[in-house]
Each structure stands twice: as C-alpha cells, then as structure tokens.
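Student: Quick one: sequence and predicted model below, then my questions.
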Amino acid sequence: MTVFSKTASFNDLVPLLPALDLPVTLKMLFSYRNFVHALAGAVGSVTAMTSVFSFGYCKNQTSRYSLYRGLLPVISSLYCSNFLYFYTFNGLKTVFVGKGNTSSSLQDLLFGYLAGIVNVVMTTPLWVVNTRLKLQGATFRTKGLECSKTRKYKGIIDGLQRISQEEGLLSLWSGTGPSLVLAGNPAIQFMVYEAIKKFMMNENKKTLRGRHYFVLGAIAKAVSTVITYPLQVAQCKQRSGYKTPSGKADIFSLLARLVREQGVKGLYKGLEAKLLQTVSTAALMFVAYEKIAAFIFRLLRRTQR
C-alpha cells in the first residue's frame, strides 16, 4: 500500500483506486452486508412512499382506488433507485473506509454524491417514463386524449420500449444534467443524517430507538431540501420551457432571472408544501431502513451461530 503525505488532503479523504487490491475490493463491494443495506433502504423507501402517497390527492379524490393511481410505477422505480443508491453508498464506504470503521462527514458527502451520480445515470429512464405516465394519467379524461390516435403507455416496460423506438434511445436520459446537479440533495441528506447519528450514539452510548431515527431523517431531509430547493425550482422551470430573455435555459441562468424578477423569495416559493411531503417520507424511510437492516443482521448472526 502506498503511504500518502498528511498534506495530500484528497488522498486522506479517499484512497486512490490504484492502491487497492482488486480481488479484495470486489469481495468487499459484493458482500452480503452491502446487499442488506440496499434491500433495507429500498423496502424502507417503498414503505414510506406507500404510506404518504395519497396525501396529495386527499383534497380532490374520494375513491380509494384513485388515491393510489400511479403508485405501482412510482414504487417500482423508487425501489430500483434506492436499492442502487444504498448499495453504492455503503459499498463505497466499505471499500474506501473499511468494514466497521467510521467515515468522516466529508467522506459521507463525497460517497453520497458519487452514489447519486450512479443512481441518476442508471435510473433516469425509469423516471422519464414515470413523468410521461403521470402526465398521461392527468389528461386521461380529456376528450383530446380519448380521441387521439396515439396509443397510451401501458406501463414502465412499454414506455421504455416505445420512447426508445419512437424518439431515440438518448430520449430516455433527457434532463440528466440537472439531475446530476441535484444529486447533491441526497448527498447532503446522508451526510447530515450520519453526522447527527454518530453524535447521538456517542452521547447515549446505546442503540437509538425508532423515534430517534424518525427525527434524524426529518432533520437531514429538511436541511438538504432547504439547501437545494432553488435548484429544484430552476429544474421545474427548465422542464416547463421557461427561458431567459436571451434564450438561455440552463439552471444557473434561470436562477439569476428568478432572483431579478421575484427576489430571493422566488427561489423558495412552495417550499412549505415540499418540506411537508419530503420530510415525512424521508423520516419514515429511515425508520424502516434502520429497523429492517437491524432485523436482517440479527437473523444472519443467529444463522451463522
């Protein structure tokens, strides 16, 4: 192993890949421990989303079926997305920090962002199809769509096939640029969550309870949402065709125009509703994730004995 100087801050943060033993690295990466974290994170996110999915429809819908319209494509994509994110995040920690070792906040931020990039590249097609399905469902009852000769998407698989055939394969990755920027949202979320969790475990010297994970998840998501919300607003403007007078539509040009026209408050318009949705979902997700992971690890330890 190469010995790095203390002045090499990047090398202190994350060892370089050439210094790793490839067989050992692969064994650490493809371990049951990382799989358990990925499975727990995926199931936890689906559980949380299912619990709060109908909140946005309660004011306008009365049918139980309509409350959960579109749930299956969302939770299918969410499961894949979070499984990949949790696996990559914990895999990077295992490889570069070591099993059982504590990572720093900067490492958690870096690993979270790298996991976000992998997640965006791999799962953007699923979310592109989800967006199409939502728009399709929103206009389902209009006469224009009923009379249209365009065949509606039957589901995620059908959507993936048709978009790639009719619009080109790269259309499945539309909006990837802004999504890569917004990969900082979960990165900040995990950094804050892990930092507060470590602090509380050191202070209490014992295992945290479900209510602790709920509060930790809520705080972490609130912080990450507040920090990255202006980027989310700009992304929404970009997708809706909003442009600057000069014709620019990149995120930072849109942010500058919003500040000029509406002031700083314009960057946080609708933040309250966003916080209510995302904070509650993240809080429930982390509770489910921690409990599911702990349960599976207990079963594995008993089996090994």
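Tutor: That came through, no problem.

Student: From here on, just use CA atoms for contacts and neighbour counts.
Tutor: Will do.

Student: where along the stretch 1-150 of the chain do the helices fall?
Tutor: Counting by DSSP state H, counting those that start in this stretch, residue ranges of the helices within the stretch 1-150 of the chain are 9-13, 22-29, 32-52, 64-67, 71-96, 105-138, 143-147.

Student: For residue 270, find the nearest of those helices.
Tutor: Ranking the helices of the stretch 1-150 of the chain by their distance to residue 270 (criterion: CA to CA) puts helix 32-52 first, at 18.4 Å.

Student: So what angle separates the directions of that closest one and helix 22-29?
Tutor: Relative orientation of helix 32-52 versus helix 22-29 (axes from the mean of the first three to the mean of the last three CA atoms, to 10 degrees): 30 degrees.

Student: Report all helices and strands that helix 32-52 contacts.
Tutor: Packed against helix 32-52 by the contact rule (3 or more CA pairs under 8 Å, 6 or more residues apart in numbering; DSSP states H and E) you find helix 71-96, helix 271-304.

Student: now for those, which one comes closest to residue 26?
Tutor: Nearest of those (CA to CA): helix 71-96, 8.5 Å.

Student: Buried residues, the closest one. List them.
Tutor: By neighbour count on 16 or more other CA atoms under 10 Å, the buried set for helix 71-96 is 73-75, 77-96.

Student: What helices and strands are in contact with that helix?
Tutor: With contacts defined as 3+ CA pairs under 8 Å, 6+ apart, the secondary structure elements packing on helix 71-96 are helix 22-29, helix 32-52, helix 105-138.

Student: Mind doing that once more with 6 Å?
Tutor: With contacts defined as 3 or more CA pairs under 6 Å, 6 or more residues apart in numbering; DSSP states H and E, the packing partners of helix 71-96 are helix 32-52, helix 105-138.

Student: Residue 173: what's it in contact with?
Tutor: Contacts here follow CA atoms under 6 Å, 6 or more residues apart in numbering; on that basis residue 173 touches 124-125.

Student: pLDDT score for it?
Tutor: We note a pLDDT of 88 for residue 173 in this prediction.

Student: Next one: it from residue 285, what distance?
Tutor: In this structure, residue 173 and residue 285 are separated by 27 Å, where distance is defined by CA to CA, to the nearest Å.

Student: and what of residue 303?
Tutor: The value you get for residue 303 to residue 285, if CA to CA is used, is 27 Å.

Student: Relative to residue 226, which of the helices of the stretch 1-150 of the chain is closest?
Tutor: Residue 226 lies closest, by CA to CA, to one member of the helices of the stretch 1-150 of the chain: helix 105-138, at 16.4 Å.
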